[in-house]
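[1] let's see this in three dimensions:
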Amino acid sequence: MPAALAVDFASSPEPIARQVARALRQAIVRMEIRPGEMLSEQEIATKLGVSRQPIREAFIKLGEAGLVRILPQRGTLVVKISRAQVEDARFIREAVECAVAKEAAERADRKAIAALGDSLARQRRALRAKDGPALFALDEEFHRLLAEAAGKPSAWRVIEDIKPQMDRVRYIDMTDAIPMSVVIAQHTTILGAIRAGHGTAAEEAMRAHLTEILRSLPKVAARFPELFERET
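    Sure thing, here's the model as predicted:
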């Protein structure tokens, strides 16, 4: 368990289990908790100052997201990355977000476009600082803002539920300056199409953006084979 794991329960009205699940998910995505590590209900409960019940519920949520496997009488295992699950998540994400981009181009107002532009400016600052973690968070923000610009905020919540395996690959990849610059260039193209009101162009730009991981996935798996499941 990462030494820095902490949750400010007083800052959110959400149930404790959901807050714990979010904190653990972030730690797993950022490789602060590595594939193959075992998680202890009691250890985490003690560290966070809560009972074991919300920790158990958080583990169930993480299991549903495909990040852990609960082993009776043994503990909870952080699973390795499944390339098949990454590819499945990308396929679903493409179907949803291409539609979102097209809709955003057709209905986004000035305020929504300004918010997207501001997000893109902060992404460029993160690139200059070579701050992969910040860019990862800003990438998430950009896609959430796209869904809001399209008037489909629930679309982003659906995507969040299906992409945690994909997120681990994206996070590793964003530690490299070249993928960071590619991400920003693609976001710039998407926003340009939305500003121009070109729905089809926005849709195609999003498709190209979400196909990028198919090129980076084999490279990441080759560099870090210990993080991936052996799949036939």
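
[2] all contacts plus neighbour counts: C-alpha atoms, from now on.
    Will do.

[3] so where is this structure shaky, pLDDT-wise?
    Applying pLDDT under 70 to the chain flags the ranges 1-4, 8-10, 175-178, 232.

[4] helices of that one, residue ranges please.
    16-29, 41-48, 52-64, 83-107, 110-128, 132-149, 153-162, 164-173, 177-196, 199-223 (DSSP state H).

[5] now tabulate the ones you listed in CSV and tack on mean neighbour count and distance to residue 229.
    As requested, the helices of the chain are exported to CSV (neighbours: other Cα atoms under 10 Å; distance: least, Cα to Cα, whole Å):
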stretch, mean neighbour count, distance to residue 229
helix 16-29, 20, 16
helix 41-48, 16, 24
helix 52-64, 19, 16
helix 83-107, 20, 8
helix 110-128, 16, 31
helix 132-149, 20, 24
helix 153-162, 16, 18
helix 164-173, 21, 12
helix 177-196, 18, 23
helix 199-223, 17, 10
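
[6] centre-most residue in the protein?
    residue 167 (4.1 Å; Cα atoms, centre = their mean).

[7] list the residues that contact it.
    Applying Cα atoms under 8 Å, 6 or more residues apart in numbering to residue 167 gives the contacts residue 29.

[8] repeat that for residue 66.
    Here residue 66 is in contact with 79, 164-165 (criterion: Cα under 8 Å, 6+ apart).

[9] show me which of the residues you listed is closest to residue 227.
    residue 79 (8.8 Å; Cα to Cα).

[10] quick one on the thing from earlier: any chance of a markdown table for the contacts of residue 66, columns distance to residue 94?
    A markdown table is the format used below for the contacts of residue 66 (distance: Cα to Cα, whole Å):
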| residue | distance to residue 94 |
| --- | --- |
| 79 | 25 |
| 164 | 15 |
| 165 | 15 |
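
[11] now residue 151: closest residue in space that isn't a chain neighbour?
    Among residues not flanking residue 151 along the chain, residue 104 sits closest, at 7.6 Å (Cα to Cα, 6 or more residues apart in numbering).

[12] is it true that that neighbour touches residue 145?
    No - counting by Cα atoms under 8 Å, residue 104 stays clear of residue 145, with 9.7 Å between them.

[13] from residue 25, how far out is the residue nearest to the centre of the chain?
    Look at residue 167 and residue 25: by Cα to Cα, to the nearest Å, they are 10 Å apart.

[14] please apply the same query to residue 154.
    20 Å.

[15] so what's residue 189 up against?
    202, 205.

[16] closest one to residue 73 among the helices of the chain?
    helix 41-48 (11.8 Å).

[17] which strands or helices does the closest one pack on?
    With contacts taken as 3 or more Cα pairs under 8 Å, 6 or more residues apart in numbering; DSSP states H and E, helix 41-48 sits against helix 52-64.

[18] residues touching the helix it packs on, excluding its own?
    Residues outside helix 52-64 that contact it (Cα under 8 Å, 6+ apart) are 16-18, 20-21, 25, 41-42, 44-45, 68-70, 76.

[19] ok and that helix relative to helix 16-29, angle-wise?
    50 degrees (axes from the mean of the first three to the mean of the last three Cα atoms, to 10 degrees).
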